[in-house]
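1. Dropping the sequence and predicted coords here.
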Amino acid sequence: MNSGPSQSSSSTSPSLIERARDHEPEAWQRLTQIYTPLVYAWVRQAGLQSTDAADVGQEVFRTVSQRIVDFQQDYGAGFRGWLWGITRNKLRELARRQANSPQAQGGTVGHQQLQSLADVPEEESGDLKMVEPRSRLMHRALEIIQAEFEPPTWQAFWRSAVDDQRTAEIAADLQMTSKAVRQAKYRVMRRLRLELDDLC
């Protein structure tokens, strides 16, 4: 049975972003699976119709695949901020194309709205509210990594970290020691950090 990544292996395992930077197919698949809904939400919130939103999303991830080698973990706004910068630029490029098109939809108002997008989206921003908060990104990542852990390990983690239950109660219910419950929480959280460095 697979009990998940050990402490020794996870301490040296590269993060999801680092693995995507190394062009690992599985890492890239996970990265797009986690972040595509976020990018789509951003572009829809900017006023695009679903077809245009899907096109912009594809352009965003095409650019991400080309430039992820340049992303640094110490980037000021983290990966989401870097991703938003690319998304914002793609939205502005679309606005310029539409402004030059005789059949542009939204006219000057739509063009100005896209051009005035914030440098970094803020969860409380009135201009572009974060409709896919970081908790949803974490839950999506958790869904992906859950299969790597045995059910008792996962239950101990979930009840401790998510449901905020007392360690002694979890240990008694799952017939584990309190130390094992704490270790389960630590192992899953460590694995999650490898997937979402700038969110954990």
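-> Cool, got the structure.
2. How is the chain divided into domains?
-> 12-132, 138-195 (automatic domain parsing).
3. And the shortest one, how far out from the chain middle?
-> Okay, so that is domain 138-195. 20 Å (C-alpha atoms, centre = their mean, to the nearest Å).
4. Quick check: end-to-end length of that domain?
-> Taking C-alpha to C-alpha, to the nearest Å, domain 138-195 runs 9 Å from one end to the other.
5. In contact with residue 34, which residues?
-> 137, 140-141, 144, 195-196 (C-beta atoms under 8 Å, 6 or more residues apart in numbering). Any C-beta I mention is one placed from the backbone N, CA and C, and that applies to glycine too.
6. go on, residue 64?
-> By C-beta under 8 Å, 6+ apart, the neighbours of residue 64 are 31, 83, 86.
7. and the first one, how many residues sit next to it?
-> Taking other C-beta atoms under 10 Å as the criterion, the count of residues near residue 31 is 23.
8. Mind putting the contacts of residue 34 into TSV with pLDDT and distance to residue 97?
-> Converted to TSV, the contacts of residue 34 look like this (pLDDT from 0 to 100; distance: C-beta to C-beta, whole Å):
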residue	pLDDT	distance to residue 97
137	78	30
140	82	31
141	85	34
144	86	35
195	80	35
196	78	33
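9. Let's have these in TSV, adding neighbour count, distance to residue 182 and secondary structure.
-> Below are these laid out as TSV (neighbours: other C-beta atoms under 10 Å; distance: C-beta to C-beta, whole Å; DSSP: H, G, I helix; E, B strand; the rest coil):
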residue	neighbour count	distance to residue 182	secondary structure
137	19	25	helix
140	19	25	helix
141	23	21	helix
144	16	23	helix
195	23	21	helix
196	22	21	coil
